[in-house]
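Asks: no FASTA, just this:
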């Protein structure tokens, strides 16, 4: 595909793991953000942190398209599980995105984005199908390489790849009450995070293919796992690097 591929991570540890795969990355600054240009398995790539929240995410997505001319965007990160059966150590590949805190009612229906006549935006079907395939493969192979201690510490036996609705909002969901409210309002939502829907809206506007995979770090409730730094370092960042490498190698 002509034009570079954007590799976007939500957190520093994940981006560092992806940059570690690139033999020739070079730093560029734009709009107060650090972008990394380089190559991976023959692909021209741009790596960057998304920033936290929907505004930062939208700015980053726009800069990738306008400043760097990216032709597709692949986003990796972590999320809180919402749907039953979406467990810590699973991954969610998004097929649709929705802003759970978008509410311009009564002028517009709750969750509908004004001016678009819709509440959800779609991931790119072809890129997402490929991302799902490699995510499935990574989940079958990688946990054994993490070591028994890590597998047992985080309950990573038989992790699964889920596909469906990912919801985003400008608040960190970490209580049982908030999770229950989201499940009641959006029963199809698989997981919750803070950036995906913003990327999806910008990519819709520009006609840029987007695919997003999120590793489930907790259940977005009162029992959210307390050792998040270790999970990010030993599980999520390794998932992200392995998935990105498999995607571009293929």
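Replies: Happy to help now that I have it. Worth saying up front: this structure is predicted, and the values here are computed from it rather than measured.

Asks: Over to residue 59. Which of the three states is it?
Replies: helix (DSSP: H, G, I helix; E, B strand; the rest coil).

Asks: burial count for it?
Replies: Around residue 59 there are 17 other residues, counting by other CB atoms under 10 Å. For the C-beta atoms, the positions are set from N, CA and C on the backbone; glycine is no exception.

Asks: what's the answer for residue 71, then?
Replies: The burial count for residue 71: 15, using other CB under 10 Å.

Asks: Repeat that for the one 4 residues further on.
Replies: The criterion is other CB under 10 Å. On that basis, residue 75 has 28 neighbouring residues.

Asks: The helix or strand hosting it pairs with which strands, and in what direction?
Replies: Element membership of residue 75 [criterion: DSSP states H and E] is strand 72-81. The pairing partners recorded for strand 72-81 under DSSP bridges are strand 5-9 (parallel), strand 189-193 (antiparallel), strand 210-218 (parallel).

Asks: residue ranges for the strands of the protein, please.
Replies: With strands called from DSSP state E, the chain shows them at 5-9, 26-30, 33-40, 43-49, 72-81, 91-99, 120-122, 161-168, 189-193, 210-218.

Asks: Figure out which of those is closest to residue 155.
Replies: Of all the strands of the chain, strand 210-218 sits nearest to residue 155, with 10.9 Å by CB to CB.

Asks: which stretch among the strands of the chain comes nearest residue 64?
Replies: Across those, residue 64 has its closest neighbour in strand 5-9 (4.6 Å, CB to CB).

Asks: List the contacts of the closest one.
Replies: 15, 18, 40, 43-50, 60, 64, 68, 70-77, 199, 240, 244, 248 (CB atoms under 8 Å, 6 or more residues apart in numbering).

Asks: And those, which of them are buried?
Replies: Buried by 16 or more other CB atoms under 10 Å: 15, 18, 40, 43-50, 60, 64, 68, 70, 72-77, 199, 240, 244, 248, out of the contacts of strand 5-9.

Asks: Distance of residue 230 relative to residue 86?
Replies: Distance from residue 230 to residue 86, counting by CB to CB, to the nearest Å: 21 Å.

Asks: the more surrounded of these two?
Replies: Taking neighbours as other CB under 10 Å, residue 230 and residue 86 compare with residue 86 leading, 21 against 13.

Asks: Show the pLDDT at that one.
Replies: On the pLDDT scale, residue 86 is placed at 94.

Asks: Over to it: give its phi and psi.
Replies: With angles defined as degrees, to the nearest 10, residue 86 sits at phi -90, psi 100.

Asks: Tell me which other helices or strands the lengthiest helix in the chain touches.
Replies: Taking DSSP state H as the criterion, the chain has its longest helix at helix 125-146. Judged by 3 or more CB pairs under 8 Å, 6 or more residues apart in numbering; DSSP states H and E, the packing partners of helix 125-146 are strand 72-81, strand 91-99, strand 161-168, strand 210-218, helix 237-249.

Asks: same thing but at 7 Å, please
Replies: Using 3 or more CB pairs under 7 Å, 6 or more residues apart in numbering; DSSP states H and E, the elements in contact with helix 125-146 are strand 91-99, strand 161-168, strand 210-218, helix 237-249.

Asks: Poorly predicted segments of the protein, please.
Replies: For the chain, the stretches with pLDDT under 70 are 1, 220, 223-226.
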